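Enquirer: Okay, here's the prediction I keep looking at, along with the sequence it came from:
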Amino acid sequence: MTMTGQRTHTIDRGVAEGRELRRLLESGPFADALRAAIRARGLGLDRIRYRLRGRGCSISLATLSHWQSGRCRPERPESLLVLKNLEEILGVPPESLSRLLGPPRGRAARCTVPGEGLVMQRGRETGT
């Protein structure tokens with residue numbers, strides 16, 4: 001049985017995306033690696049948020065979007081817990097995304113949009 005041109009193209013694209021994801025998980029930057037992992041998993045941010053909520057981690061869609069765009073990144077302990085669960089949901093190796101964060105960047109580099117980045121963990125609301 002031979003494959004059609006479309007199927008071959010889809011397989012080739014999947015292999016290339018897998019190589020790119022592995023490269024980004026090795027070297028970063030964080031936002032690009034997160035975006036590639038989300039794309040490779042084939043889940044929308046809304047679905048990811050739903051799965052995180054099922055694990056007791058609530059995060060806004062805006063915050064997930066900001067993380068993958070590089071506008072801000074997880075730094076507080078509550079956000080790092082969300083990231084740990086996110087790595088599991090995306091099927092990437094443990095700490096493969098979190099080790100790309102490097103040292104904390106300081107207060108000015110965090111999410112600064114009022115009301116953005118709120119995380120609920122066990123009924124407690126905190127900023128990212």
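Expert: Great, that's in hand. Numbering: from 1, shown residues only.

Enquirer: Just confirm Ser69 contacts Phe30, I think it does.
Expert: No: if you go by C-beta atoms under 8 Å, Ser69 and Phe30 don't touch, sitting 11.0 Å apart. For the C-beta atoms, the positions are set from N, CA and C on the backbone; glycine is no exception.

Enquirer: Neighbour count: these two, which is higher?
Expert: Comparing Ser69 with Phe30 by other C-beta atoms under 10 Å, the one with more neighbours is Phe30, at 20 against 11.

Enquirer: ok, the nearest residue to the more buried one once chain neighbours are set aside - contacts?
Expert: In space, and not counting its chain neighbours, Phe30 is closest to Leu100: 4.2 Å by C-beta to C-beta, 6 or more residues apart in numbering. Leu100 is in contact with 25, 28-30, 33, counting by C-beta atoms under 8 Å, 6 or more residues apart in numbering.

Enquirer: In helices, which of those fall?
Expert: Mapping these onto helices (DSSP state H) picks out 25, 30, 33.

Enquirer: show me what contacts the first one?
Expert: Each residue near Leu25 by C-beta under 8 Å, 6+ apart is listed here: 33, 36-37, 92-93, 96-97, 100.

Enquirer: which two from these end up farthest apart in space?
Expert: Within the contacts of Leu25, two members stand farthest from each other by C-beta to C-beta: Ala36 and Pro93, at 13.6 Å.

Enquirer: quick one, which of those two is more surrounded?
Expert: Set Ala36 next to Pro93 and count neighbours by other C-beta under 10 Å: Ala36 wins out with 21 against 10.

Enquirer: For the residue lying closest to the more buried one once chain neighbours are set aside, pull up the helix or strand it's in.
Expert: Of all residues not flanking Ala36 in the chain, Leu21 sits nearest, at 4.5 Å (C-beta to C-beta, 6+ apart). Assigned by DSSP states H and E, Leu21 belongs to helix 5-27.
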